[in-house]
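A.B. asks: Give me the fold of what follows.
(2 chains)
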Amino acid sequence: MSARDQHTKGSGLTWVGRAMRRVEDPALVTGQGRFTADLPAVHWVRFLRSPNAAGKIESIKAPDGALVITATDLKGVKPILPMLHKFNYKPVGQPILADGEVRFVGEPVAAIVAASEEEAEDIADEVELVIGDGTPLVDSLDALKPGAPQIHKEAPGNVILEGKIKTPDFDNVWKTAHKVIKVDARSRRQNATPMEARAAHAAYDLSTGRVTLTCTTQMPHLTRTAIADVLGMPESDLRVIAPDVGGGFGQKMSLASEYVVLVWLAKKLKSSVGWTEDRRENLIASFHSRDQYLTLEGAFDKDAKLIALRFDIVSNIGAYSCFPTTCGVEPLMALAEMPGPYDVRQYDARARGVITNTCTMAPYRGVSRPTITFTLERLMDKAARAFGLEPVDIRRKNLIDKFPYMSAAGLKFDEGTYKQTLEMAVATIDLPAFRKRQHEARKQGRYLGVGFATFSERTGYGSPAFAARGMEITPGWETVHITVDPSGFIEARIGSSPHGQGLRTTLAQIIADELGVDPQMIKVIHGDTDRAPYGWGTFASRSLVISGGATLIAARKVRAKLIKLASHLLEAAPEDIVLEQGHANVTGTDRSVSIAKLAREAYTQTHRFGGEIEPGMTEAGTYDPPGTFSNACHAAIVEVDIETGRATVEKFVVAEDAGKIINPMIADGQVHGGVAQGIGNALLEEIIYDDQGAPLTATLADFLPPTAHEIPPIEMHHIETDSTESITKAKGLGEGGLIGAPAAVINAINDALSPFNIVIDEMPATPQRVRAALRKAESAT
Amino acid sequence: MSEKIELTLNINGRDHAIKVEPRRTLADAIREDCGQTGTHIGCEHGVCGACTVIVDGAPVRSCLMFAGQAEGKTIRTVEGLAKGDDLHPMQQAFIDHHGLQCGFCTPGFLMLAVGVLEREPNISDEDLIDVLSSNLCRCTGYQNIIKAVRAAAQEMRK
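C.D. replies: Model prediction:
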C-alpha cells in the first residue's frame, strides 16, 4: 500500500481538494511534450499577407514554377460566416484567402507551398502583389463618421451590431440623482500572446481519403465542423487533433482561415502540409481584442448609493467577425455584465460593434470584463472622491449581499462573498497603516497608491446563456464518456480541450473519489475528434464546471454499475457495498471483489448477471448548467515615479471565492497567471497601428508581455462557497485574475497621483500616458 | 537558397552529422535536423527565451545563433537534463511547485535556470529574478517558477 493509499484509507480524506501533482508534467519537463510544430511534413506553407490595410487586389504574380494558391484557386470553398440572430447583426463573410480586396494588414492573400519553410519564405518574397489605393479606417470612431468608406457592403455605416437594454423606470430614477459621476474610459488594443504561436499540420491518408488536421486549437470538434462546412466535405473524413497546445487565452478558440487552407492543400496534394506561424504574424494577424471606448455614468443618491447606470460601448471588431462566437462577444458581454457586483436597479445601455481595417477581434481571457470592471471601478473611485469617502466605503455601501440576486440586465447571481472578500483584502493591505505610509512617502517626493477592484466572474454557463445572445452556435454543454476497460484501468474521454489548465489531473481527482480508486488508474483523453465525444472545448472558465460536472455524472453511473455487479457477485444488497481502494467491499464483512475483476466480468462473464446488466463498462454524462458566479477583490499597491511615469506594483492581494476547489495548487496557478496578464494589460501591453493601419508593434520587444520583474509576489486568500448551480460545487476561475487586476492597478496609479489632480482612465497606463497627464497638470498650474 | 554545409553538432553527448544551409539557426537545426523537439521556438528574435539551450556551459538563445557557430561546442537541451528516469532537481522542482501550465516555455526556463545555477550556485534572490526575467511565460505569472528555481537551487547546492 502506497503512502497515498494510507492517506485516503479510512481517513475520510478525498482526492478532491488536494494539491495533487499534475499528471501532465513529467512529459512537459523532459521535452517529451508533443506540440503541433514538432510534426514533420512533406510540404510547408508560407502565407503572403497584405501589406496594406485597404484596397483592391490588382494583381498577384508568382515566380515561374512556384505553387502559389490564391482565392481564384479556392473555387467552391465557402467563406467563414459566423452568425448571430439578434442585435441587428449583419452577417459578413470572411474569404479564406483575400478575394478581390484586402481589409487589414496581415490578411492572408496567397499560400506558397514548398519543400521547406525557408524555401516557401524565399518564394513569398518574390511574389509580386499589387494593391490599389484604399482609405483605411483604423479607429472605430472614424469608422462611425458619416461618409466613412464602407468596409463590407452588408454593414452600412460599418456598424455590425447594436444591442440595447433599458429598464422601464430608468428616466424617472435618473432625475432623482444627487450626483452623477462620469468616466470616459479607453481600452487599447491587445493580443493574448500565447507563448506558442498558431500552427497547423494536415496529413492526407491515401488508404481512407481522410485528412488529419493537427493544430493549435481550444475547440477541436467545432474546428472539424467548421472546416467541413467551408470545404463541403463529410465531417467523418476529417480528424482534428489538438495535441499539447502552448496556451491559448481565447486566441486559439476562433477558427483560423489558415487551417482551412492546410486541409484543402492536404486533399489537393494527397500529402502532408505544415504551417508554423511566426511571432510577427501572430502579433499582427492572429486575433486582437479590447479596443474599446467605454462611457459610463453613474447616478448616486445623497448616501452614495448607486441608483442608475448609463453605459455606451463602441467596440472595434476589426475587419471580420470571428467564428464561432461572432464579434458580438465583446460588446454583448459588456452590455450584459456592466453593472457587475453592485446593486443597481436601473440600467440604460447601448453596445455597438464597429468594423475597421484592423486585425479581427476575438475573445481574450476575460473578454470584456477586464475593461468593464476597469471602467466601473474607476467610476466607484471617482464617486468616492466626490463624496469624500474612502474607495472601500463606497463599495461597502453598494456591493450585493443578498442571493440569489437578479441583476438589472437580467443575470442571476448565485451565492457569493463580495463584501467578505473586500474586507479580507482591506485587512491584508492594512489600509490605515498604508494611508500613513503614503502620507510620509509624499513628503519625500515618493508617490504610492492603493487600488481596489471588486468584481464577479460569470463562469460555467451552458447553452441558454449563448442562446440569449442569439448565437447560431451555443457552445454550452459538455459530454464525458468513462470506460473501465477489461484490464481494470479507467479512461475518461472528454469533449473539453485543455491546454495548460491541468484538467487531466483535476478530472481524475473527481473520478477517483467517485469510484474509490487511485488517480493513477485513470487516464483522461482529450483533443482528438476520433477519440473524444463531441464537445466544445476549453474557454470561458467553463471546463472544470461543465466538463467536471459531466465527469461526475458519468462517474456516478459507472459507480452504480460497479455496485450492481458487485451486489450480484457478492450476494449483498447494493446499499451495503462501498467502493474504496480499488475494491467493492460489503460493509461490516470481509467480502470484497476488486474493481478490475468486476470490469473484466462485465465484458467476459456477462452470463453471470442474468441478462439484467448490459455488457461492457462505458457510461456517458452530459452537463449543461445555468452558470455560476465566482467573485473576488483585488488590491494593488503601486509606486509611480513621476519623473519617468513608470508605475511599479509593489504588492498584490487577491481575496477570492471560486466555490469548492478541486486542486488548490492548480487553482492558485490559474489566478497567478491571470493577475500577471492583468498587470501587463494595465501597464504594458498595447498593439499600436499608425494612421494607415500599419501595425507598429510586431515583435515582443514592442508588444510587451510582463516579465518576472514586473510581477510582485501575489498574496492569495480564499473563501469556498459551494455553488448551488454546479454539481461539483465548483465555480470557474480561469479569467478572474485578469478581470480585476487592470482596475486595481490603475486605480492605485490614480490614487498615487491624486495630489496632482489628474485622472488616468485609459489602459494600459504606460509611462508615456502617465507623463503626458503629469505634464498637462504641470502646464495648467 | 544557398549550398548546404556539412557539420556535426554535439547534443547531450551525442554527435549529430547534419547538412544544412549556412543560414540555419541552431534552434531549427536542433529541432528539425537533429529531431530534438523539446527545445521550442517562441519568437525567433531573441526576446522570449523559449529556445534557450546551454552551449559550452552558458545559456544561449538558440534562435540567435547559427548552427554553424555551435560546431565543436557542447550543446545541452531539455532532453539531456534527466539521468534515465531520475529527473534533474530543477525538473522535479517545477513539478512540485507547479512551475508550469501549458509547458511551452518550460524547456527554456529549465535550461536558463540550470545554466545559471551551475555557474553561480549562490546567486542572490534579486539576481535570480533578474535572470528569470530574461524569459517569458504567459501562464504562471512567474510566481511558481521563482519558487521552483529557488527550491532547486537549494537542492543543487547539496
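A.B. asks: ok, the residue of chain B found nearest chain A - how many residues close by?
C.D. replies: Of all residues in chain B, B:Gly38 sits closest to chain A, at 2.0 Å by CB to the nearest CB. All C-beta atoms are positioned from the backbone trio N, CA, C, and that covers glycine. By the measure other CB atoms under 10 Å in any protein chain shown, the count of residues near B:Gly38 is 25.
A.B. asks: Read off the pLDDT value for the residue nearest to it when sequence neighbours are not counted.
C.D. replies: Computed as CB to CB, 6 or more residues apart in numbering or on different chains, the closest residue to B:Gly38 that is not its neighbour in sequence is A:Gly31, at 2.0 Å. Confidence at A:Gly31, expressed as pLDDT, is 98.
A.B. asks: Kindly report the same for A:Thr325.
C.D. replies: 95.
A.B. asks: Against A:Ala765, how distant is it?
C.D. replies: Distance, A:Thr325 to A:Ala765, using CB to CB, to the nearest Å: 28 Å.
A.B. asks: quick one: low-confidence parts of chain B?
C.D. replies: Applying pLDDT under 70 to chain B flags the ranges B:1.
A.B. asks: tell me the domain ranges of it?
C.D. replies: Per the record, chain B has its domains at B:5-79, B:89-157, by automatic domain parsing.
A.B. asks: would CSV of these with distance to A:Ile749 be doable?
C.D. replies: CSV is the format used below for those (distance: least, CB to CB, whole Å):
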stretch, distance to A:Ile749
domain B:5-79, 26
domain B:89-157, 20
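A.B. asks: tell me the most buried of these?
C.D. replies: domain B:89-157 (a mean of 22; mean count of other CB atoms under 10 Å in any protein chain shown).
A.B. asks: quick one: terminal-to-terminal distance for that one?
C.D. replies: For domain B:89-157, the first and last residues are 10 Å from each other (CA to CA, to the nearest Å).
A.B. asks: Does at least one residue of that domain sit close to chain A?
C.D. replies: Yes - using CB under 8 Å from any CB of the partner chain, we find that domain B:89-157 touches chain A at B:91, B:94-96, B:98, B:100-107, B:110, B:129-130, B:132-146.
A.B. asks: Looking at those residues, which are in helices?
C.D. replies: In this view, those that belong to helices under DSSP state H are B:91, B:94-96, B:106-107, B:110, B:129-130, B:132, B:143-146.
A.B. asks: can you map out the helices along the stretch 351-500 of chain A?
C.D. replies: Along the stretch 351-500 of chain A, counting by DSSP state H, counting those that start in this stretch, helices occupy A:369-387, A:391-398, A:418-429, A:431-443, A:463-468.
A.B. asks: Point out the one among the ones you listed that comes closest to chain B.
C.D. replies: Chain B lies closest to helix A:369-387 among those, at 15.1 Å (CB to the nearest CB).
A.B. asks: Can you give me the buried ones in the closest one?
C.D. replies: Buried residues in helix A:369-387, counted by 16 or more other CB atoms under 10 Å in any protein chain shown: A:369-385, A:387.
A.B. asks: Torsion angles phi and psi at B:Ala152?
C.D. replies: Main-chain dihedrals, B:Ala152, degrees, to the nearest 10: phi -70, psi -40.
A.B. asks: and it, what does it touch?
C.D. replies: Neighbouring residues of B:Ala152 by CB atoms under 8 Å, 6 or more residues apart in numbering or on different chains: B:89-90, B:92-94, B:113, B:117.
A.B. asks: Over to B:Gln69?
C.D. replies: B:Leu26.
A.B. asks: do you know how far it is from B:Glu21?
C.D. replies: Going from B:Gln69 to B:Glu21 by CB to CB gives 14 Å.
A.B. asks: before we move on, back to that, taking the ones in helices among the residues of domain B:89-157 next to chain A, tell me the two that lie furthest apart.
C.D. replies: Pairwise distances across these (CB to CB) peak at 24.8 Å, for the pair B:Ile95 and B:Asp130.
A.B. asks: Apart from its neighbours in sequence, what residue is nearest A:Thr358?
C.D. replies: Nearest to A:Thr358 is A:Gly318, by CB to CB, 6+ apart, at 4.8 Å.
A.B. asks: Sweet, I'm off.
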